[in-house]
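**Q** Structure for the following, please:
(2 chains)
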Number of protein chains: 2
Amino acid sequence: MTGAVELSGGTAGPDALRPLIAEVLAGLAAGAARRAGPIAPGEPDEIAAAVRGALAEARGPSALGRLAELLAYGAADPADPHCAAHLHCPPLAVAVAADLAVSALNPSQDSWDQAPAATVLERELLAELAETVGFDPDRAAGVLTSGGTESNLMGLMLARDQRLGREVELNGLPSGVRPRILASEAAHFSVQRAAALLGLGERAVRAVRVDRHLRMEPDALAEAFAEAGWEGATPVAVVATAGTTDTGAIDPLPAVADLAARHGAWLHVDAAYGGGALFSERLAPLLTGIERADSVSLDWHKLGWQPAAAGVFLVREDHTYASLARRAVYLNPADDEQAGYPSLLGRSLRTTRRPDAFKLAATLRVLGRDGLGELVDRCHHSALRAAELVREKPELELHCDPVLTTVVFRYRSADPARADHVNAELRRLLLRTGRAVVGRTELPGHGPGRVRLKLTLLNPHTTEAQLAALLRAVVEAGRATEGRTAEG
Amino acid sequence: MTGAVELSGGTAGPDALRPLIAEVLAGLAAGAARRAGPIAPGEPDEIAAAVRGALAEARGPSALGRLAELLAYGAADPADPHCAAHLHCPPLAVAVAADLAVSALNPSQDSWDQAPAATVLERELLAELAETVGFDPDRAAGVLTSGGTESNLMGLMLARDQRLGREVELNGLPSGVRPRILASEAAHFSVQRAAALLGLGERAVRAVRVDRHLRMEPDALAEAFAEAGWEGATPVAVVATAGTTDTGAIDPLPAVADLAARHGAWLHVDAAYGGGALFSERLAPLLTGIERADSVSLDWHKLGWQPAAAGVFLVREDHTYASLARRAVYLNPADDEQAGYPSLLGRSLRTTRRPDAFKLAATLRVLGRDGLGELVDRCHHSALRAAELVREKPELELHCDPVLTTVVFRYRSADPARADHVNAELRRLLLRTGRAVVGRTELPGHGPGRVRLKLTLLNPHTTEAQLAALLRAVVEAGRATEGRTAEG
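**A** Residues are numbered from 1 along each chain as shown, chains lettered A, B, ... in the order given. So this is what the prediction gives:
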């Protein structure tokens, strides 16, 4: 067991890691070769059986390489151009290599004396990102998060505690208050989850009507505020989305900011997806108005090519970031802070916290902001080209023009009543045959006819020929499904 | 920029990673050598200036190695035997290498088609861990978390929604209800944070008296239940701690479970620290009663030698795990689930989620449970030996016998009125001189005389000679501080 218990840190760590990493990389290469596509073919049960078998048998030093191979074989690999379902990016090798340094040293950001350099580094990165958003970096504050869901929760927590009074933290929600959160119909489901978690209840969230592009309609938002007024509800927050998961729609931020300001509601901008556009000269103007937000969600494991997690939560004004302040005598005693030892404990919902800032800081230094912006532009261009290809195919129907890097469309079924079934089924056929991993979603509303397919194009190296092949695969799967379901 | 934008996945990923990882490992080795100890000497400002300088200057391909060196230089490295402050473990090289596979492939567990193998693997690992806790793996359920803080939040969220009614999720907290959470004075501060976040308010948490070893007193818990009854409060949950952060105290779980059952309160056991003892034949009996918990927190980035994060949340009965169920049409549509595609979305507070299960599964396969148990025993033995060494030194005063792997003590000040200051100051002196990273905490209660030093011994390779040297450094720093403060 001696070799197996070597540590990754210290001066000996790198030598201990070298042979183990070689095994992992060999396993990854073998698994990718065996998979030979975006996903391993087969039913979910078949992949499950392979995993169970390997877990039961792998023992001892050889288990590491074997399990790495299994993980690669059983991956849906976003580095394959035919894996284009979700906001699930293929990471940059440089970001992955940087993340290794974090794993090896295991700094934890709940106290300075677990992460001296990482503590400063996170603050510096956040100041850079605050400036990118258009906040004054000397007044802004933030933290790295596990993603948009956690960032949205934090924004709504601060909104709750600012708008209903800091007493909420001590005494819980005051009785008789009817909090209201306004978000578009196309906002992320994590807004409702956050409302439930925060004790406000899901029904505190009112869905504001969207246009065909799934952008919030300002008139509808004004109506929702008026309705809250009649009903005696307290408008706690508006959540504007800058890049909805499906169409990449960006709510009209200046109009939403005006309305939020008029009604004294906290403005949270969920730019988990769209935030990446801030690095692109061409696309950044789409986010004009984001600088008026009280808080913002950004995710660099989406349009930022970082391995998960690389979420960021920012507030425009540091003083609004009060809800999490705690004095833990073993982590941030007052006399240590007076002696100049900074603490990030009050920034995060977590205690132990891996410095996810490091990989993004390293990526920004190696590629530069322009380098990241170029990757955003390439993926945006892919989406525009894919939309043209969809338009050219009579079998396919485009939902709307791409805004960021997604394309929403469907296979036209001969029998419109079966369209939802055919589209859902053809997607599973592509999965089962290992040909493609394509997204599936539903347009907002009720009733049939809302199922759509989606390409989320996050691979900057995808070529036009690969896009064409991907859409051919969709059409072929559509025909095969249509044939089968017509018979069945 | 071509090389810089290579991806980590696919068949080409391993080749792209190899040279970058070589740079990172060289940077880590250089940084550790330059640090030459548990932490870089200097004031926090000096380390901050070094980080700011490197961030300002590092550009282009060489930035990766330079920043890795900086992170290592500016780390508090738990692989150094003189870094022993926190529940901040030195990771095993095998776990770090396994984590690299996860970063490279970037699976995300919010849908099957982003993580086919990882989805099954997490379930299998959770079943194994449920069995280790003493739960019936066919009835239990769980999820990987970012750590004890998130796991405690999840336990209290489920307790709230089970005890106050599922309506809470929809409509928020009912008015007139006065929820009560009972936890010991030595319970983790995240219990209060969770109560505030959940809209219950911090004051819903009542601190139950502890004995000298910081174990909850069952009589005091019975009184707290009686008090809740008189006051018309609803006892929502009891949080028992299995391994407090400071003394490693384990609350009397069978007695606490009896009381919780009698009063219909949810029992959450925070075994974030103590859970590791389950792998040790010698120590596992300390946790008898944990199998009666409704929910449990376990952290394998503490006594499990995983890089953060490797938290686990488990419930004994799957059906109680309902609060997070959501149907997101782009992630877990009903027809996909009917077709056999499993979804873990309803298990986690997060959406995007890195498969932290993989590194622990790999570690368990390479070392075996017994291998991990042996590491736990070695650290426990270190703590026992360190406590003896403290007892042998007239300058030091032991607080109580170690339970797990921590030793709480203090430097005896000639002037008892200055003891708190001397102990806090000597710890900072050890940090500034780069000699040692020692913990500091305060015993529960009020008034002066409660500051203590703490060794958290998580390095299984630490020798007795290293422990003796560490305690000598503490005594020398105490003398130097005492001399200086007596003059000052």
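**Q** Could you use CA atoms for every contact and neighbour count after this?
**A** Noted.
**Q** how far does stretch A:110-123 sit from the chain's center?
**A** Stretch A:110-123 has its C-alpha centroid displaced from the chain centroid by 25 Å (CA atoms, centre = their mean, to the nearest Å).
**Q** Could you see whether chain B lies near it?
**A** Yes - if you take CA under 8 Å from any CA of the partner chain as the test, stretch A:110-123 does meet chain B, through A:113, A:114, A:115, A:116, A:117, A:118, A:120, A:121.
**Q** Give the rounded mean pLDDT of stretch A:96-109.
**A** Computed over stretch A:96-109, the mean pLDDT rounds to 98.
**Q** Can you get me the centre-to-centre distance for it and its chain?
**A** On CA atoms, centre = their mean, the centre of stretch A:96-109 falls 21 Å from that of its chain.
**Q** Just the strands from chain A, written as ranges.
**A** A:83-84, A:141-145, A:179-184, A:205-208, A:234-241, A:266-271, A:295-299, A:311-315, A:396-398, A:406-411, A:437-442, A:451-456 (DSSP state E).
**Q** pLDDT-wise, which helix or strand of chain A ranks last?
**A** Ranked by mean pLDDT, DSSP states H and E, the weakest helix or strand in chain A is helix A:167-171, scoring a mean of 89.
**Q** which regions of chain A sit below the pLDDT cut-off?
**A** Counting by pLDDT under 70, chain A has low-confidence residues at A:1-3, A:485-488.
**Q** And the helices in it?
**A** Along chain A, the segments classed as helices by DSSP state H run A:13-35, A:44-57, A:63-73, A:93-105, A:116-133, A:148-163, A:167-171, A:190-197, A:218-231, A:253-262, A:334-338, A:357-392, A:419-432, A:464-487.
**Q** Please save the CA atoms from the third one in CSV.
**A** I take that to be helix A:63-73. What follows is helix A:63-73, C-alpha atoms only, in CSV (Å, rounded to 0.1, in the frame of the first residue of the first chain):
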residue,chain,number,x,y,z
ALA,A,63,-7.9,0.4,-10.7
LEU,A,64,-7.0,4.1,-11.3
GLY,A,65,-6.3,3.7,-15.1
ARG,A,66,-9.2,1.3,-15.5
LEU,A,67,-11.7,3.6,-13.9
ALA,A,68,-10.4,6.6,-15.9
GLU,A,69,-10.9,4.6,-19.1
LEU,A,70,-14.4,3.7,-18.0
LEU,A,71,-15.2,7.3,-17.2
ALA,A,72,-14.0,8.4,-20.7
TYR,A,73,-15.8,5.5,-22.4
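**Q** Show me what that helix is packed up against.
**A** Packing contacts for helix A:63-73, counted by 3 or more CA pairs under 8 Å, 6 or more residues apart in numbering or on different chains; DSSP states H and E, involve helix A:13-35, helix A:44-57, helix B:93-105, helix B:116-133, helix B:357-392.
**Q** what's the most buried one of the helices of chain A?
**A** Most buried of the helices of chain A, by mean neighbour count (mean count of other CA atoms under 10 Å in any protein chain shown): helix A:93-105, with a mean of 29.
**Q** That helix vs chain B: in contact?
**A** Yes - Helix A:93-105 reaches chain B (CA under 8 Å from any CA) through A:93, A:94, A:96, A:97, A:98, A:99, A:100, A:101, A:103, A:104, A:105.
**Q** Relative to residue B:312, which of the residues you listed is nearest.
**A** Nearest to residue B:312, judged by CA to CA, of the residues of helix A:93-105 next to chain B is residue A:103 at 18.2 Å.
**Q** contacting residues around the closest one?
**A** Residues in contact with residue A:103, defined by CA atoms under 8 Å, 6 or more residues apart in numbering or on different chains, are B:91, B:96, B:99, B:307, B:308.
**Q** what about residue A:352, distance to chain B?
**A** Residue A:352 is 7 Å from chain B, where distance means CA to the nearest CA, to the nearest Å.
**Q** Phi first, then psi, for that residue.
**A** The phi and psi torsions at residue A:352 (degrees, to the nearest 10) take the values phi -50, psi 130.
**Q** Run a quick neighbour tally on it.
**A** For residue A:352, the neighbour count with other CA atoms under 10 Å in any protein chain shown is 27.
**Q** Quick check: it touching residue A:109?
**A** Yes - taking contacts as CA atoms under 8 Å, residue A:352 lies within contact range of residue A:109: 6.5 Å.
**Q** count of residues packed around residue A:234?
**A** Using other CA under 10 Å: residue A:234 sits among 20 other residues.
**Q** Quickly list what it is bridged to.
**A** residue A:179 (DSSP bridges).
**Q** which residues touch residue A:88?
**A** Neighbour list for residue A:88: A:78, A:301, A:302, A:458, B:106, B:107, B:108, B:114 [criterion: CA under 8 Å, 6+ apart].
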